[in-house]
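>>> have a look at this prediction, sequence included:
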Amino acid sequence: MSVLRYLLEKEFKQFLRNSFLPRMALMYPLVVLLIMPLATTMDIKDVSISVVDKDCSILSKQLIEKMDASNYFTIYRVERTYAAALEQVENGQSDIIVEIPSFFSTNIDKQQPTSVQISANAVNGMEGSLGASYLLELLHDFSQQIYPSQLELEQVGPVVSSLYLYNNTLNYRYFMIPGLMVFVIILLAGFLPALNIVSEKEIGTIEQINVTPVKKSQFILAKLIPYWLIGVVALSICFTVGWLVYDLAPVGHLLDLYLLSLLFIFIMSGIGLIISNYSKTMQQATFVMFFFMLLFILMSGLFTPVSSMPTWAQVVAAFIPPHYFVDAMRSIYLKGSTLFDLSSEVMVLVLFSILINLWAVKSYNKVE
Amino acid sequence: METVIEVQGLTKSFGSFKAVDHLNFKVAKGEIFGFLGANGAGKTTAMRMLCGLSKPTSGSARVAGYDVQLNPEKVKQNIGYMSQRFSLYDDLKVEENIRLFAGIYGIPRPLIKTQTEALLEKLHFTEERNTMVRALPLGWKQKLAFSVAVFHQPKVVFLDEPTGGVDPVTRRQFWELIYEAAAQGITVFVTTHYMDEAEYCDRLSMMVDGRIEALDSPQQLKEKMGVASMDEVFRLLARKAKRTE
Amino acid sequence: MNIFSAFVKKEFFHIFRDRRTILILLVMPIVQIILFGFAISVEIQQIRVAFVVSASSPSKTSIQQLARKVDANEICSVTHWYSSVDAVDAAMKKGEIDVAFCFQEKEPHHLQVQMLIDAVNPTIATSESYYLEAIVTDFLRKQQLNTQKSSAVSLIQPSVQMLYNPQMLSAYNFVPGVMGLIFILICTLMTSISIVRETETGTMEILLVSPVRPIYMIFAKMVPYFVISCINLATILLLAYFLLHIPMTGSIISICLLSFLYIFLSLSLGLLISTVVKSQVAAMIGSIMGLMIPVTLLSGMIFPVENMPWALQRVTAIVPARWYISAMRKLMIEGVSITHVSTEIMVLVGMSVFVLLLAFKNFKNRL
C-alpha cells in the first residue's frame, strides 16, 4: 500500500508543478458553464413570421400590424398560400407561419369563434415553441381588444390548461446546465488521464515503472486517483456557478449528485485508460478521444432528446454511458429524484463501470 | 560461483524476423558483463527480455534465480534498470526521484532517509537535492539514474547504453560507480558502443545479427583474434553483419 | 522545388503511417453528417400519459372515452391510472411518465382538464402541450360537455402545430456547421501538433539549420492536411447531395473556393498556435478549450448568433467559423453568387493575413 502512496506523491507533485494543467482544470468548468448557457439565450426577439392572409380584411391587417409591432416578432412576408409561407420557413427566412382563414373577419363580426393556425419551426431550439407561446398570448390580447366583453367568460377558466412541472419558467438553461457537467467530466476525468499515461509512454518513463515490481493496479490507481479528485473539484465548481450565477440549486440531494458523478467519473477514467492502452502517441489518443467526445455529446441527449431519435440511433445511445448520466443528473437537479428513483440508470452505470474498468486493467500490459 | 543470469536458446521473433536468435550464456555474481554489438544487432531486445519487459518467443532465461517468463514480478524485485532513453522524472527533484524509486522497492522510510543522505554526499549532490532533474547536466543525470537503479541493492543491474553523449572523463567517473557496485556483489549487465568501455568489463559478448559471435574476456578476445585493441575486434566481427539499423 | 516536395513527402509518410489517426480524420465527418442528418431531432415520438381519476369522479365515462382517444393516437399512450395526484410526482421522478391528466369539474357537465407536464426539457414540454391540447380540445368540443357559454374563452381559437423538418432546413443549417468544425479541428490541431512535436523532439533544429528556408518546411507541413481536408470537403458535399438530398443550387466552385480560404486560415491558425505553446499536451488541450468549444457554441452552428446577448455577438466576430458558416449558408441555400458573400470573404482574408503575419513574427523571434 505504501507503494501506492509513493506513486501518488509523484503524481500530485507532477500535476501541481505543471504550469498548464492545474489552471486549466479550474478554468475549464468556469468557461463551459459561463459561456454555454449564455449562447442559448431565452430572449427571443424579431422572430420572423410568414403570414398567410386569406381574409385580407381590415381586421386581419390589424392583427398583422399588432404582431409586427411586438418586440418579439417581425413580419417577414404576407403570402396568399400556405405553400409559399412554408417555403420561406424551409429556406430559413422565417420561423413561424400564421394562417388567417378567409372567414376570419366575417366570423368575428358574427361573434362566432374562428380558428387561427400557427405552425412553428421546432428545429431551432426555443425560437419556434417559445414564439408560439408568445403568439398565443398576443392573439388572446387581440381578441380582448376587439371584444372586451369576453372578459366575463374568463371566470370559468380555460378548458384545457397546462401546468409545467419542475421547470415552470421553461428555462432552457436549467435544462442545459446539469447536462453540461458531462462536458467537464469527459475532459477532465477521461481525456486528461489518458493523455498523461500516453505521454509517459512517449517519453519512456513508463518503461522504468514497468521494470519495477509495481503492480498494474497500483500504477493505474495512482494515475487515476488525482483525476478523480480533480473531477470532483471541478464538479463542485460547476454546482457553485450554477447556483450563484444562474440561481439554479439542485432540488435533489447533493449527496446523490456526487455519488452519481463519481460513478460517471469512474466510467470516463476507465474509457480514457482503455484509449491510452491502445494508443502509442498522444496524437492518436487525442483523436480517438475527440471522436468519442463528439459521439457522446451528440448521442447522449445533451442537446436533443434520445427519445426523438430513430430506433437505430436509440439502440446506439443505449450503449453510451453519458446518456444515462445526463438523464439522471437532470432528474436529480430539476425533479429532485433520488438515486433510488433512478435505480435502473444507476444499475446500468454500475455495470458499465465494472465492465469498462475490467477491460482497462486487463488491456494494460507491463510486458509486451 | 553463483550464476545470476542464465540464458538458454533465447529467441525473439517479430513475424519471420529473428531479432534475437538462440542466445546462450551465463553471467556470474559480481561480474561486469559487457553486451556489445552494432545498432540493430538485437542488444536492447535481448536485454528487455531479461528484464521482464518483453516475452521471449522461445527459449528461457533465469535472472536472479527466477524464470523471466514464469515469475517476471519476482525478477523485477531483484533487478535494477537504466534505460537508453534516460528515465528519471524530469519534473521531479533529485531527492524526490530517489525517494520514489526507493519506496517502490520497499525500502523502509527511515532507511531511505539515511541512504539518501549518504548517496547525495557520495555524488557531491547534496546542494542539488532540490534541483529539478531536467536542469541537471547530462553526466549528472546518468550518475543519478545509475545510483537510483542500484539503491535497493539489486542482484543485477541492467544498463542500456548508459554513457551516451558525455566526455571521456565523465564516462570514466561513471564506471567508477559501476566498479563500486560490482565490488558490493551487484552484477552489472551493460550494453555499450564505446570500445574503451569494453575494456573495463570482466567478460564480453558480441552480438551480430541477433546471434552471439564471441563470448570471452577482453584480453582473450584480443589474443584469439590477433589484434591489439577492442576496436579491431569489433570491426572484424561486425563486418560479418548483414543488417544494420 | 525539389526540396519542398521532399519535405512534403516526409510529412505524408509521417501521417499515413499512423493509420488510426487517418482513419478517424476521414471517418469523423461521415459520422457527424449521419448523426446530424438522421439522429438529431426534437420530434416527439412518444408521450406517456397518466390519468388521475378519483373513484368518486362523476365524469368517469367521459374520462375513459378521452383515454381511449388519447391512446388511439399513434404517439400517445395511456400507461398509468392513478387515484391521486401524489402518485404523479413519484412517477415523474422515476421517469415513468411524461404527462399526467388531472380533472376538475367546476360546474356540472363542465369538465376541465389540467395537464401536468414534465418540463425538464422545455422545448419538448411545450410541443407536448400543444399536441395534447389539440386532442383534448377536439374531444371536449365533440362531447359537448361544455355549454357554449364556456367553450369560447376568446373568439380567436388558435391551434399550434410544430414543424419538425420543414424540408431540409436542419440540414442546411448544420452541414456548413459540420464543415466549419471539422476543418478547423483537423487543420489547426494537426498542424500545431505536428510542428510542436518537431520542436519537442529536437528535429526542428536540424531542419532549421538546413539550407532550406523555414517557410518551405512549414508549408510542407500544411500540405498533407490541406489534402485531407479537401478529401473531407468532397466527402461532405457528396454525402449532403446523395444522402441528405440537399440540392446544390449554389455554384460548387464558389463553395470550394470559400472552403479553401477557410482551410488555409485554419492551417495558419495552427501555425500561430504552435509558436505559442510549448508542449503537445498544451496544444491539444488548448485546441479543445480554445477551438472546439467556441466553434461549437459561438459560430452559429447550433445556436443562432442573432439570439445571443449583444456582447456575446461581438465576441463571435473573432470566431472564424462564424463567418465561414454564414457565407456557406448563403451559398448553399440561396445559391447566390460569390459577390454576395464578399464581406465574409474580406473578413476571412483579413484574418488569414493577420494570423500569418503574427505567426511569422513569433517564429522569427524564437530563433
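Cool, the structure landed.

>>> quick one: name the residues of the stretch 101-250 of chain A near chain B.
Proximity of the stretch 101-250 of chain A to chain B (CB under 8 Å from any CB of the partner chain) is limited to residues A:203-205, A:207-215. (Glycine included, C-beta is placed from N, CA and C.)

>>> so, low pLDDT: which residues of the chain?
With no chain named, the answer covers chain A. Scanning chain A for pLDDT under 70 picks out A:1, A:41-43, A:122-127, A:148-158, A:368.

>>> chain B, not that one
B:240-245.

>>> would you map the helices across it?
For chain B, helices defined by DSSP state H occupy the ranges B:43-50, B:72-77, B:94-104, B:109-122, B:138-150, B:168-183, B:195-200, B:218-225, B:230-238.

>>> just the buried residues out of the residues of the stretch 101-250 of chain A next to chain B, in PyMOL syntax.
Buried residues within those, by 16 or more other CB atoms under 10 Å in any protein chain shown, are selected in PyMOL with:
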select buried, chain A and resi 203+205+207+208+209+210+211+212+213+214
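
>>> can you pull the buried residues of stretch B:222-229?
B:Lys222.

>>> and the contacts of that stretch?
B:195, B:216, B:230, B:232-233, B:236 (CB atoms under 8 Å, 6 or more residues apart in numbering or on different chains).

>>> quick one: which of these is nearest C:Leu331?
Using CB to CB, B:Met195 comes nearest to C:Leu331 of the contacts of stretch B:222-229, at 69.4 Å.

>>> near chain A, which residues of chain B?
By CB under 8 Å from any CB, the part of chain B that sits against chain A consists of B:51-55, B:72-73, B:76-77, B:79, B:81, B:83, B:85-92, B:96, B:99-101, B:103-106.

>>> what about the residue of the stretch 51-200 of chain C found nearest chain B, helix or strand, and which?
Nearest residue of the stretch 51-200 of chain C to chain B (CB to the nearest CB) works out as C:Glu200 at 12.2 Å. Secondary structure from DSSP states H and E places C:Glu200 in helix C:190-201.

>>> helix or strand right after that helix?
On the C-terminal side of helix C:190-201, the closest following helix or strand by DSSP H and E is helix C:203-209.

>>> please work out the average pLDDT along that next one.
Averaging pLDDT along helix C:203-209 gives 73.

>>> quick one: the following helix or strand past it to chain centroid distance?
Going down the chain from helix C:203-209, the next helix or strand is helix C:214-238, by DSSP H and E. Distance of helix C:214-238 from its chain centroid, counting by CA atoms, centre = their mean, to the nearest Å, is 24 Å.

>>> what do you get for stretch B:22-38?
Relative to the centre of its chain, stretch B:22-38 is centred 10 Å away, using CA atoms, centre = their mean.

>>> with stretch B:145-165 instead?
For stretch B:145-165, the distance to the chain centre is 6 Å (CA atoms, centre = their mean).

>>> end-to-end on that stretch?
15 Å (CA to CA, to the nearest Å).

>>> for C:Ile302, which three-state class applies?
coil (DSSP: H, G, I helix; E, B strand; the rest coil).

>>> neighbours around it, how many?
20 (other CB atoms under 10 Å in any protein chain shown).

>>> center of the chain, which residue is that?
Looking at chain A here, since you left the chain open. Centroid-nearest residue in chain A, with CA atoms, centre = their mean: A:Leu302, separated by 3.2 Å.

>>> not what I meant, chain C
In chain C, the centroid-proximal residue (CA atoms, centre = their mean) is C:Ile302; its distance is 4.0 Å.

>>> if I pick it, what's in contact with it?
A:303, C:174, C:177, C:296.

>>> do you know how far the spatially most central residue of chain B is from chain A?
The centroid of chain B falls nearest to B:Leu159 when counting by CA atoms, centre = their mean (2.0 Å). Note on B:Leu159: its distance to chain A, by CB to the nearest CB, to the nearest Å, is 12 Å.

>>> do B:Cys201 as well
In terms of CB to the nearest CB, B:Cys201 sits 22 Å off from chain A.

>>> could you pull out the strands for chain C?
Remark: strands assigned in chain C by DSSP state E are C:47-52, C:76-82, C:99-107, C:110-118, C:156-163.

>>> winner for burial among the helices of chain B?
Highest mean neighbour count of the helices of chain B: helix B:43-50, a mean of 24 (counted as mean count of other CB atoms under 10 Å in any protein chain shown).

>>> for the stretch 251-368 of chain A, which residues are neighbours of chain C?
So the stretch 251-368 of chain A meets chain C at A:279, A:281-284, A:286-288, A:290-291, A:294-295, A:298-299, A:303-305, A:307-310, A:313, A:316, A:327, A:330-331, A:334-338, A:341-342 (CB under 8 Å from any CB).

>>> one more pass at 7 Å, please.
With CB under 7 Å from any CB of the partner chain as the criterion, the stretch 251-368 of chain A meets chain C at residues A:282-284, A:286-288, A:291, A:294-295, A:298-299, A:303-305, A:307-310, A:313, A:330-331, A:334-337, A:341.

>>> from those, keep the buried residues only.
A:282-284, A:286-288, A:291, A:294-295, A:298-299, A:303-305, A:307-309, A:313, A:330-331, A:334-337, A:341.

>>> TSV for the helices of chain B, including distance to C:Thr21?
Formatted as TSV, the helices of chain B follow (distance: least, CB to CB, whole Å):
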stretch	distance to C:Thr21
helix B:43-50	27
helix B:72-77	32
helix B:94-104	33
helix B:109-122	43
helix B:138-150	33
helix B:168-183	40
helix B:195-200	41
helix B:218-225	48
helix B:230-238	38
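
>>> measure the residue of the stretch 51-200 of chain A found nearest chain B to A:Val3 for me?
Closest approach between the stretch 51-200 of chain A and chain B, counting by CB to the nearest CB: A:Glu200, at 9.2 Å. Using CB to CB, to the nearest Å, we find A:Glu200 at a distance of 17 Å from A:Val3.

>>> cool, A:Ala84 as well?
A:Ala84 is 75 Å from A:Val3, by CB to CB.

>>> these two: who's more crowded?
Just comparing A:Ala84 and A:Val3: by other CB under 10 Å the higher neighbour count belongs to A:Val3, 19 against 14.

>>> you'd agree that one is up against A:Ser217?
No - look at A:Val3 against A:Ser217 with CB atoms under 7 Å: they stay out of range, at 10.4 Å.

>>> phi, psi for the residue in the stretch 1-150 of chain A positioned nearest to chain B please.
Residue of the stretch 1-150 of chain A nearest chain B, by CB to the nearest CB: A:Tyr6 (3.4 Å). The phi/psi pair for A:Tyr6 (degrees, to the nearest 10) reads phi -60, psi -40.

>>> what's the burial count for it?
A:Tyr6, neighbours per other CB under 10 Å, totals 22.

>>> ok, back up a step: ok, the residues of the stretch 101-250 of chain A next to chain B vs chain C, which is closest?
Nearest to chain C among those, with distances taken as CB to the nearest CB, is A:Ile203, at 9.7 Å.

>>> any idea how far that closest one lies from B:Leu88?
Where B:Leu88 is concerned, A:Ile203 sits at a distance of 11 Å (CB to CB).
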